[in-house]
Structures are given as structure tokens and as C-alpha cells.
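Undergrad: Sequence plus the predicted model coming up.
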Amino acid sequence: MLKVWKNLDTRPTPQSQDYGHGAVFMYLGEALRLEFASAPHVSIHLHEGLLMLVAPELPSEETVRRTIDAWYRKQAQHIVSIRSTECHRMMKEENIPLPPITIRPMKTRWGSYSYRTKRIAINLNLIKMPLACLDYVIIHELCHIKVRHHGANFWHLVGKYVPDYLTLRRLLNNYNDQTS
């Protein structure tokens with residue numbers, strides 16, 4: 001137990017997200033710089049590597065945070081819907097049903113499948129990662145419908161659809177290490 005605490009003590013403390021002009025936000029593996037512009041209604045647009053937040057006046061940090069959080073959620077719902085349908089289509093020979101998928105913040109997992117509710121949960125933060133990571137997590141959870149545990153059969157099935165899953169797992173684990 002002492003070894004675990006020592007490891008936790010050596011981890012860098014997470015930096016809180018800045019919400020001011022020039023702050024960086026990740027989206028689908030790309031770093032976007034936050035810029036503000038004036039317009040009658042609050043909205044967010046992507047433009048040439050910028051995350052443009054338009055508002056009638058310079059918004060408070062809380063307004064910026066809420067607006068960006070809502071934008072991330074909306075983007076995640078749209079993209080996860082598209083990617084889960086595509087991943088399911090790729091795996092059609094497995095005869096696995098496409099269960100309902102929920103998107104929510106998760107502290108310790110990128111995704112999960114519940115045998116009780118027959119639902120997949122996807123971590124909201126996956127919207128910040130490259131699409132290949134999202135596809136990997138969706139396929140990983142779809143494979144759990146067929147193979148319950150992380151044994152050799154499970155990883156063989158995952159590898160059939162995501163040959164570079166080890167690289168993607170490392171990328172996701174490194175993200176967790178930097179943010180926890």
C-alpha cells in the first residue's frame with residue numbers, strides 16, 4: 001500500500017483548464033485555441049484551428065466554461081452516434097446488437113458495458129481524443145457483449161477490428177496519467 005501512495009505522490013498535479021483568450025482545448029486530437037468575437041447570440045464555431053466563442057459581450061469565465069462544456073457534449077452526442085453506427089456495421093459478422101449508448105464524464109474509464117442494463121457508457125472526454133481512440137473504445141465495449149472478460153479471446157476479437165489497439169490503449173492511458 002505504501003508503494004501505491006508513493007506512486008500517487010510522484011504524479012504531477014493536474015493543471016486546471018484556462019478559459020481565457022488563447023486557452024487551448026482539445027477536440028478530436030487537435031489543439032484549438034480559444035478566441036472571442038462579438039455577435040448577438042452566444043455560440044461556438046470552429047475556424048482554422050480556432051475555437052471561436054461569439055457573444056454580445058466578453059463572457060465571464062463561468063459562461064465560457066458552461067458554453068464549451070455544452071458544445072463538447074453536443075459534439076460528442078453527434079460523433080458517437082455516427083461512429084458507433086459505423087463500428088457496429090464493421091462488426092456485422094459478429095451478430096452483436098447495437099445497444100443504447102450514453103455519454104457521460106467518467107473518472108477512471110473510457111467506456112463500459114453493463115450486462116445488467118445492456119447499455120454502453122462512453123466517457124465524454126473521448127471527444128478530445130483522435131477518432132481512432134473513440135472507435136477503439138466503442139469496439140472494445142461492443143466486444144464485451146460477446147466476450148465478458150479481458151482474456152485472450154476478447155483481445156483477439158478486439159484485434160480483429162482494431163489491429164493497433166495496443167497503441168491506442170497506450171495513448172488513452174497516457175492521457176489519463178496526465179489528467180489524474
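TA: Perfect, thanks for sending it.
Undergrad: Quick check: mean pLDDT of stretch 127-138?
TA: What stretch 127-138 shows for mean pLDDT is 97.
Undergrad: by contact count, what packs against the longest helix along the chain?
TA: Taking DSSP state H as the criterion, the chain has its longest helix at helix 61-90. In terms of contacts (3 or more CB pairs under 8 Å, 6 or more residues apart in numbering; DSSP states H and E), helix 61-90 is packed against strand 24-27, strand 43-47, strand 50-55, strand 101-104, strand 119-123, helix 131-146. Bear in mind the C-beta positions are built from the backbone N, C-alpha and C, glycine included.
Undergrad: give me that answer again for 10 Å
TA: strand 24-27, strand 30-38, strand 43-47, strand 50-55, strand 101-104, strand 119-123, helix 131-146, helix 152-161 (3 or more CB pairs under 10 Å, 6 or more residues apart in numbering; DSSP states H and E).
Undergrad: taking the mean pLDDT, what do you get for the first one?
TA: Think strand 24-27. Averaged across strand 24-27, pLDDT comes to 96.
Undergrad: Can you mark which positions in it are buried?
TA: Of the residues in strand 24-27, those buried by neighbour count under the rule 16 or more other CB atoms under 10 Å are 25, 27.
Undergrad: Which neighbouring elements make contact with the helix or strand encompassing residue 171?
TA: Secondary structure from DSSP states H and E places residue 171 in helix 165-179. If you count contacts as 3+ CB pairs under 10 Å, 6+ apart, helix 165-179 packs onto helix 131-146, helix 152-161.
Undergrad: Determine which stretch of these is the most buried.
TA: helix 131-146 (a mean of 22; mean count of other CB atoms under 10 Å).
Undergrad: State the pLDDT value of residue 64.
TA: 94.
Undergrad: Hmm, it is touching residue 36, no?
TA: Yes - if you go by CB atoms under 10 Å, residue 64 and residue 36 touch, sitting 8.5 Å apart.
Undergrad: In terms of neighbours, single out the busier of these two.
TA: residue 64 (23 against 15; other CB atoms under 10 Å).
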